[in-house]
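Trainee: starting from these lines, generate the structure:
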Amino acid sequence: MGAQCCGHDHDTEPTKQEDASYRRVLWAVLGINAAMFAVEIGAGVAAGSASLQADALDFLGDAGNYAISLFVVGMALRYRATAALVKGATMGVFGLWVIGVTVWHATHGTLPEDSTMGDVGFAALLANAASFGLLWAYKGGDSNMRSAWICTRNDVLGNLAVMLAALGVFGTGAGWPDLIVAAIMAALALQGAVVVLQQSRAELRSTSPFPGGVKNANRT
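Mentor: This next block holds a predicted model:
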C-alpha cells in the first residue's frame, strides 16, 4: 500500500492553522486514553479478563502514540513518517503482547466477571467513540495522522467486541468468548501495524534525496 492509498496529497504540507487544530485534537484524545488506561487496567485485573487487559494496554499504547504525534506535528514529512514507523512497530508489539496474555489466560482457565467486562467495556466504547469523532477529519492524512486514526478505529471495534464477549461469558459460563475477543484485538493491532508501516516506509522513500530511495543510494 503506497502513500497515495489514502486519497490525500502528501506533498502538500499542512498549514500552521491545521497543525494547531490537530494539536488540540491530539491533546484531547491523549487525555481520554490515559484516563481510560488507568480505569481499565484495574478493572481488567480485578475481573480476570484478557480482553479488558488487552484493551487497557491498547489505551496505554495509544496515549504514547498520540504523544509522539504531538511531538512531530509541524515537522517535515520525513520526521512525521519516521514517527509513524515507530508507532507501527509499537502496534505490532502490542499485538504480540496480547497474544501472550491470551495464551496465559487460556492456560490457567480464567473465568472473567461478565458484569465488570460489560460496564467497563461500555465506558471505554464511549471514550473511544469521542476520540474517533475528533480524529475523523484526519483519517486521510499522512501516515502520522492516519496511524492515530487507525488506533482509534481499532479501539472502537475492540470495545464492541469486549461487550459481545461479556454477553458470551454470561450466556455460556465459560471464558472462551473473552479469549476469542482478545485474539481478535491482537489481529487488529497486527493488521493496523502493517498498514502504518507500509505507508510510512513509502513516505520515507518519497522524501529521499536519491532517485529510487535510500536503498538505491546505498549501492553507489
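
Trainee: run through the residues that contact the residue nearest the centre of the chain.
Mentor: The chain has residue 151 as the residue nearest its centroid, 2.4 Å off, counting by Cα atoms, centre = their mean. For residue 151, the contact set (Cβ atoms under 8 Å, 6 or more residues apart in numbering) comprises 58, 61-62, 65, 87, 91, 192. Heads up, the C-betas are built off the backbone N, CA and C, glycines and all.

Trainee: which ones among the residues you listed map onto strands?
Mentor: With strands taken from DSSP state E, there is no overlap with the contacts of residue 151.

Trainee: report the two of the residues you listed separated the most.
Mentor: The most widely separated members of these, counting by Cβ to Cβ, are 58 and 87 (12.7 Å).

Trainee: with pLDDT, distance to residue 173 and neighbour count added, can I get the contacts of residue 151 in TSV?
Mentor: What follows is the contacts of residue 151, written out as TSV (pLDDT from 0 to 100; distance: Cβ to Cβ, whole Å; neighbours: other Cβ atoms under 10 Å):
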residue	pLDDT	distance to residue 173	neighbour count
58	76	27	30
61	75	32	22
62	78	33	29
65	75	37	29
87	75	39	28
91	77	34	27
192	77	33	23
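
Trainee: pick the one among those residues closest to residue 124.
Mentor: residue 58 (9.4 Å).

Trainee: the closest one and residue 161, how far apart?
Mentor: 12 Å (Cβ to Cβ, to the nearest Å).

Trainee: between these two, what contacts are shared?
Mentor: residue 185.

Trainee: avg pLDDT for the helix or strand containing the residue nearest to the centre of the chain?
Mentor: In the assignment (DSSP states H and E), residue 151 maps to helix 143-172. Here helix 143-172 scores 79 as its mean pLDDT.

Trainee: stretch 71-79 too?
Mentor: 73.

Trainee: narrow the contacts of residue 151 to those in helices?
Mentor: 58, 61-62, 65, 87, 91, 192 (DSSP state H).

Trainee: gap between the helix or strand harbouring residue 194 and the chain center?
Mentor: Element membership for residue 194 (DSSP H and E) is helix 176-206. Helix 176-206 sits 8 Å away from the centroid of its parent chain (Cα atoms, centre = their mean, to the nearest Å).

Trainee: quick one: low-confidence parts of this structure?
Mentor: 1-16, 18, 74, 139-144, 147, 208-220 (pLDDT under 70).

Trainee: if we can go back for a sec, out of the ones in helices among the contacts of residue 151, who's nearest residue 179?
Mentor: Nearest member of these to residue 179, counting by Cβ to Cβ, is residue 58, at 16.3 Å.

Trainee: hmm, residue 156 and residue 58 touching each other?
Mentor: No - if you go by Cβ atoms under 8 Å, residue 58 and residue 156 don't touch, sitting 11.0 Å apart.

Trainee: which neighbouring elements make contact with the helix holding residue 194?
Mentor: The elements that helix 176-206 packs onto, with contact taken as 3 or more Cβ pairs under 8 Å, 6 or more residues apart in numbering; DSSP states H and E, are helix 50-72, helix 77-108, helix 143-172.
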